[in-house]
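# Predicted model, plus sequence, below.
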Amino acid sequence: MKTTDLAAVRVLIYGDVQGVFFRGFVSQKAKGLGLKGYVRNLPRRDSMEVVAEGERKRLEELTTYLNVGPPAARVERVFTNWSEHSGRYTEFSIKY
């Protein structure tokens with residue numbers, strides 16, 4: 001894998017996204033894709049943040065999942081910000 005294939009992404013998701021197993025859903029998908037980073041709820045009750053690093057192709061796949069979410073979620077808006085891979089994460093975790 002070339003280092004040019006590595007990237008990072010920060011995604012903000014708005015809608016009915018808290019209390020609907022969204023963090024677990026994101027963690028499961030990210031780990032399955034071999035990504036590292038975290039997911040956490042934000043203080044606003046209608047938002048969460050995902051920070052992930054890894055192969056760009058797999059990050060793009062994750063962002064597709066984030067636009068839909070788990071069955072009980074209702075995603076209204078998604079903001080995606082791409083950046084360079086930092087290598088600062090050793091695993092994918094859920095932050096509380």
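Nice, I can see it.

# Could you report the neighbour count for Arg23?
Neighbourhood size, Arg23 [other CB atoms under 10 Å]: 22. Placement of C-beta: from N, CA and C, glycine included.

# Now do the same for it: helix, strand or coil?
Assigned by DSSP: H, G, I helix; E, B strand; the rest coil, the conformation of Arg23 is helix.

# what does the one 4 residues further on give?
The three-state label for Ser27, taken from three-state DSSP, comes out as helix.

# May I ask which helix or strand encompasses Leu59?
Using DSSP states H and E, Leu59 sits within helix 56-66.

# And that helix, what's buried?
Buried residues in helix 56-66, counted by 16 or more other CB atoms under 10 Å: Arg56, Arg58, Leu59, Leu62, Thr63, Tyr65, Leu66.

# how far away is the second one from Gly32?
What that stands for is Arg58. 9 Å (CB to CB, to the nearest Å).
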